[in-house]
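Novice: Any chance you could fold what I've pasted below:
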Amino acid sequence: MRKYESGLAVVALAMLVAAAPAFAARGTDGELKILFWQAVSTLNPYLSGGVKEELASSLVLEPLAGFDENGKLVPRLVVDIPTLENGGLSTDLTTATWKLKPGVKWSDGAPLTADDVVFTWAYCTAPGGGCAQAAKFEGVKAVEAIDPLTVKVTFKGPKPFPYTAFVGATSPIIQKAQFANCLGAKAPGCTAANFAPIGTGPFKVQAFKPNDTISYAANENYRDPEKPAFSTVTLKGGGDALSAARAVLETGEYDYAWNTQIEPEVLQGMTGAGKGKVLTAFSSWVERIDLNFDAADASLGDKRSTAQAGPHPILSDPAIRKALSAAIDRSAVVETAYGAAGKPTCNIIAGPDIYVSTANDSCLKPDLAAVNALLDGAGWKMGPDGVRAKNGVKLSFVFQSSTNSVRQTTQALLKDMWGQIGAAVELRNIPPSVFFGGDPSSPDTFQKFYADLQMYTVLYSGTDPESHLASWLCNNIPSPSNGWQGENMSRYCDASYDRLFDELSRTASPADRATIVKKLNDQLVGDGAVIPLVFRGAVSAFSNRLAGVRMSGWDSELANVADWSRAK
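Specialist: Numbering: from 1, shown residues only. Sure thing, here's the model as predicted:
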């Protein structure tokens, strides 16, 4: 069993917080209390790319299949995973047929049918709409109901890895009856559905106060009559990572705190109270910096950060993009802000090992003299104020991220490092509920990207990075036309990348797929579409009073919440 050093203890990803007893009856363990210091703004993951929304909705909404703590694909709403061996995949790899489990009901008592699956695809691909998870459906030509319990997905060509659409917490099934009038541009306005989706999961929404509190109750129509053990769940949002960790590890007020991203020595000290433990799971998380390829100056008004604004006046220079990455001492960032819960990385695809490139490893050893020589040669001359300029344009950036002590520490470190090469940096931090909220009317979301640089991380489901790499396709750029819901935050667009991605989508051999993944990764890094910083472990705090927890870094951390119970 593979293990990872958390900085507090060596914990196995398959570890149970305590042995999970058989449940006597549904709802006998009372209230489960969850704390997200990044408050949730919607319970529709198709309208937000934020991990907090994906996790909060995963108590209610389920995909056809998901990933366990070891990255293994497991059935959720289906009988089994379609393969060539069981006939679920066509021999030419152009179709995947999913068989729904019989008897599964929505929380309102209606049966789950293939029509709901077909509708989910139609919802995310509806013209005029903006779907934050559009990359999950890249390459899908059609989805059809063969019968009430059979769904056939047809791809535009051979799809060697067909487990993207309807797989993982980012691509759950939504109820056709509830969302039928919410297609396209109408989607964001369907507040009642977006705030209280009807689901097949172990819990249902009772009340939702956006950016504050969500109250759930056990779903009486959940398919396992003994589960969930908890009768209610209260998910409180807000605060900061430090107070969230303290509420579980020191005061014991809460049972689980997500994403306790704080300085490692502080976290270690909290566990001394003996009320909880911290689990760390490495999977696909990479703390990264997006570079805006479009001009983002506020004077551009509604055109800023769109193609209409034109190329970025500074970041369009490849020398600048290369210099910003090469000036970073990633080991210092990890040592100061992450400890053993982070590893320096030069790759946006940092795991599993089969996909990890070594072509960019030079970034692990910063050379400021070489960086300054590069900028001198590119015509960026140092001014008397210590800031470089070229043709009257100063090397100055607005660098934004979500509010969090580790991120602000990292921002400060990067500002100092970039100052040593003659770049002036203005730091901006935005409340995470706003930054990741996906509100198309807000100027402060990471999709709008009204800044020059921004730092965050995203989680993609599963061990195959194809759907994640689709994020940088030209058709995935956020814009007013798609409600700012695309995933290509950098506005990077290169036809050669799109062609190489198409080749990946048609390649079956695992070794050949790994080769193409590395090439795609290397192009993104080499072109400066993104600056990878830290290969992050997902770090969360769990009460010793919980049993049955299996923390997965490959899917929602709450994916097996139906199995959680109160430790006896």
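
Novice: Count the residues that sit near Q447.
Specialist: Q447: 28 surrounding residues under other CB atoms under 10 Å. From N, CA and C alone the C-beta is placed, and that goes for glycine too.

Novice: How about T213: what's its closest non-neighbour residue?
Specialist: Closest residue to T213 apart from its sequence neighbours, by CB to CB, 6 or more residues apart in numbering: K236 at 5.4 Å.

Novice: low-confidence ranges in the chain?
Specialist: 1-24 (pLDDT under 70).

Novice: mind redoing it with 50?
Specialist: Scanning the chain with the threshold set as pLDDT under 50 gives 1-21.

Novice: In it, what residue spans correspond to helices?
Specialist: Along the chain, the segments classed as helices by DSSP state H run 51-57, 114-124, 176-179, 191-195, 241-249, 264-270, 318-326, 330-337, 368-377, 405-419, 432-435, 466-469, 495-505, 510-527.

Novice: Can you say which of those is nearest to L43?
Specialist: Closest approach to L43 among the helices of the chain is made by helix 51-57 (4.7 Å; CB to CB).

Novice: CA-only coordinates of that closest one in PDB, if you can.
Specialist: Provided in PDB are the C-alpha atoms of helix 51-57 (Å, rounded to 0.1, in the frame of the first residue of the first chain):
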ATOM      1  CA  VAL A  51     -13.700  22.500  -5.600                       C
ATOM      2  CA  LYS A  52     -15.800  23.600  -2.600                       C
ATOM      3  CA  GLU A  53     -19.000  23.600  -4.800                       C
ATOM      4  CA  GLU A  54     -18.100  20.200  -6.200                       C
ATOM      5  CA  LEU A  55     -17.600  18.700  -2.700                       C
ATOM      6  CA  ALA A  56     -20.700  20.300  -1.200                       C
ATOM      7  CA  SER A  57     -22.900  19.100  -4.100                       C
END
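
Novice: What separation is there between the closest residue to S496 other than its chain neighbours and A495?
Specialist: Distance criterion CB to CB, 6+ apart; nearest residue to S496, sequence neighbours excluded, is Q523 at 7.4 Å. Distance from Q523 to A495, counting by CB to CB, to the nearest Å: 12 Å.

Novice: so what's W418 up against?
Specialist: L324, A327, F397, V425 (CB atoms under 8 Å, 6 or more residues apart in numbering).

Novice: Inside strands: which ones of the residues you listed?
Specialist: F397, V425 (DSSP state E).

Novice: Is it correct that A350 is in contact with S284?
Specialist: Yes. Using CB atoms under 8 Å, A350 makes contact with S284 at a distance of 7.5 Å.

Novice: buried stuff in stretch 509-517?
Specialist: R513, A514, I516, V517 (16 or more other CB atoms under 10 Å).

Novice: Spatially nearest residue to the first one, not counting backbone neighbours?
Specialist: Put plainly, it is R513. T507 (5.2 Å).

Novice: and if you look at the second one?
Specialist: Of all residues beyond its chain neighbours, the one nearest A514 is I354 (4.8 Å), with distances taken as CB to CB, 6+ apart.

Novice: Check the burial of the one you found by counting its neighbours.
Specialist: 13.

Novice: wait, isn't it in contact with P510?
Specialist: Yes. I354 is within contact range of P510, at 7.3 Å (criterion: CB under 8 Å).

Novice: that older thread, against S41, how distant is the residue nearest to T213?
Specialist: For K236, the distance to S41 - CB to CB - is 14 Å.

Novice: quick one, which of the two is more surrounded?
Specialist: Taking neighbours as other CB under 10 Å, K236 and S41 compare with S41 leading, 28 against 22.

Novice: For V425, see how far away A327 is.
Specialist: A327 is 11 Å from V425, by CB to CB.

Novice: from what I can see L55 touches S556, true?
Specialist: Yes. Contact criterion CB under 8 Å: L55 and S556 qualify, at 5.2 Å.

Novice: any common contacting residues for these two?
Specialist: In contact with both L55 and S556: A169, using CB under 8 Å, 6+ apart.

Novice: By residue count, what's the longest strand in the protein?
Specialist: Under DSSP E, the chain gives strand 276-291 as its longest strand.

Novice: If you count neighbours, what's buried in it?
Specialist: Quick answer for strand 276-291 (16+ other CB under 10 Å): 276-291.

Novice: Give the other helices and strands that it contacts.
Specialist: Under the contact definition 3 or more CB pairs under 8 Å, 6 or more residues apart in numbering; DSSP states H and E, strand 276-291 sits against strand 3-5, strand 10-12, helix 241-249, helix 318-326, strand 453-456, strand 530-543.

Novice: ok, 7 Å please
Specialist: strand 453-456, strand 530-543 (3 or more CB pairs under 7 Å, 6 or more residues apart in numbering; DSSP states H and E).

Novice: Out of those, the one nearest P172 is which?
Specialist: That would be strand 530-543 among the helices and strands packed on strand 276-291, by CB to CB, at 19.5 Å.

Novice: The closest one: which residues count as buried?
Specialist: Buried residues in strand 530-543 (16+ other CB under 10 Å): 530-543.

Novice: chain center to that strand: distance?
Specialist: 11 Å (CA atoms, centre = their mean, to the nearest Å).

Novice: Neighbouring strands of it in the sheet, and parallel or not?
Specialist: strand 256-258 (antiparallel), strand 276-291 (antiparallel), strand 342-344 (antiparallel) (DSSP bridges).

Novice: Can I get that strand as PDB, trimmed to CA atoms?
Specialist: Extracted as PDB, the C-alpha positions of strand 530-543 are listed here (Å, rounded to 0.1, in the frame of the first residue of the first chain):
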ATOM      1  CA  VAL A 530       0.900  28.100 -16.800                       C
ATOM      2  CA  ILE A 531       3.700  28.100 -14.200                       C
ATOM      3  CA  PRO A 532       3.500  25.000 -11.900                       C
ATOM      4  CA  LEU A 533       4.700  25.600  -8.400                       C
ATOM      5  CA  VAL A 534       3.900  22.900  -5.900                       C
ATOM      6  CA  PHE A 535       2.600  19.300  -6.200                       C
ATOM      7  CA  ARG A 536       0.100  19.600  -3.300                       C
ATOM      8  CA  GLY A 537      -1.300  17.000  -1.100                       C
ATOM      9  CA  ALA A 538      -5.000  17.500  -0.100                       C
ATOM     10  CA  VAL A 539      -4.800  18.100   3.600                       C
ATOM     11  CA  SER A 540      -8.000  17.900   5.700                       C
ATOM     12  CA  ALA A 541      -8.800  17.500   9.400                       C
ATOM     13  CA  PHE A 542     -11.000  14.700  10.800                       C
ATOM     14  CA  SER A 543     -12.300  14.200  14.300                       C
END
